[in-house]
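> Here is my input, please return the structure:
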Amino acid sequence: MTPDSPTRSLSDSPRIFDNNLLDRLSRIDHRVPPIFYGPIILALAILSIQRTGFPSTLTGMFIGYVAWTLTEYFGHRYVFHWEMTSRLGARAHFLIHGVHHDYPSDPLRLVMPLLMSLPIMTIAAVIILTIGGALALPTLAGFIAGYVAYDMVHFHVHHGTSRTALGAYLKRTHMLHHFREPDKWYGVSAPWWDSVFGTAGRG
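Purely as a prediction, here's the structure:
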């Protein structure tokens, strides 16, 4: 396989930082998010059940999940695909998301590194705990669970085998986003938002 072959360019894991530590932190095994965030989600859910009961916990978690899917959609559409013209802006775009479109099968850059997900979850926690009231804990649990589900779906559509109609649909829409319609299908784990907001492709 030659260094510039298409197969290598899609699956390679390029160095993106000169600093060895930063470059290592930019890569992550896909099992890390559920291992790291799973106990946090469980603890929040248990505390919520103890404080507000099971029905309220389910309600809050559903609200949090929906909030995550909207965050995923709008973040992907307006932040990840915001291509700035300056040299610094272009570099920022490449680091945030461009590297994934250049090397979409890089197995170590298919889920968010903790360096990126922790600030997002921290900001979400501050907002939700401030305005969430009695449903704050389950809402936060649902938000984080939605994020982990997104990461797992994203890894699966690139490296898994779809055995269900839903799995095949998610894989197809995301591959269309990568290889045919980069301005469509921003909802990786929740492509129904593309239908709602007018960014669904021809499928």
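
> Helix, strand or coil: sort out Val157 for me.
helix (DSSP: H, G, I helix; E, B strand; the rest coil).

> and it, how many neighbours?
Number of residues near Val157 (other Cβ atoms under 10 Å) recorded here: 23. To be clear about C-beta, it is placed using only N, CA and C from the backbone, and glycine gets the same treatment.

> so where's the chain uncertain?
Counting by pLDDT under 70, the chain has low-confidence residues at 1-11, 90, 92-93, 95-96, 203.

> where do the helices sit along the protein?
Taking DSSP state H as the test, the helices found in the chain are 6-11, 20-25, 32-52, 54-74, 87-93, 99-102, 114-131, 136-159, 165-179, 192-197.

> tell me the most buried of these?
With neighbours taken as mean count of other Cβ atoms under 10 Å, those reach their highest mean count in helix 136-159, at a mean of 23.

> Who are the packing partners of that helix?
Judged by 3 or more Cβ pairs under 8 Å, 6 or more residues apart in numbering; DSSP states H and E, the packing partners of helix 136-159 are helix 32-52, helix 54-74, helix 114-131, helix 165-179.

> how far out from the middle of the chain is the first one?
Once both centres are worked out by Cα atoms, centre = their mean, to the nearest Å, helix 32-52 turns out to sit 19 Å from its chain's centre.

> And for the third one?
Taking Cα atoms, centre = their mean, the mean C-alpha location of helix 114-131 is offset from the chain mean by 14 Å.

> repeat for stretch 143-157
Stretch 143-157 sits 6 Å away from the centroid of its parent chain (Cα atoms, centre = their mean).

> still on that earlier bit, could I get the helices of the chain as TSV with distance to Trp185?
Output for the helices of the chain, formatted as TSV (distance: least, Cβ to Cβ, whole Å):
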stretch	distance to Trp185
helix 6-11	18
helix 20-25	29
helix 32-52	22
helix 54-74	10
helix 87-93	19
helix 99-102	13
helix 114-131	21
helix 136-159	11
helix 165-179	4
helix 192-197	6
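
> related to what we said a few turns ago, possible to save the helices and strands packed on helix 136-159 as JSON lines with distance to Asp106?
Shown next, in JSON lines, are the helices and strands packed on helix 136-159 (distance: least, Cβ to Cβ, whole Å):
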{"stretch": "helix 32-52", "distance to Asp106": "15"}
{"stretch": "helix 54-74", "distance to Asp106": "20"}
{"stretch": "helix 114-131", "distance to Asp106": "15"}
{"stretch": "helix 165-179", "distance to Asp106": "12"}
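
> Looking at these, which is nearest to Ala200?
helix 165-179 (8.1 Å; Cβ to Cβ).

> list the helices and strands that closest one packs on?
Using 3+ Cβ pairs under 8 Å, 6+ apart: helix 165-179 touches helix 136-159.

> any idea of the angle the helix it packs on forms with helix 32-52?
Here helix 136-159 points in a direction 160 degrees away from that of helix 32-52 (axes from the mean of the first three to the mean of the last three Cα atoms, to 10 degrees).
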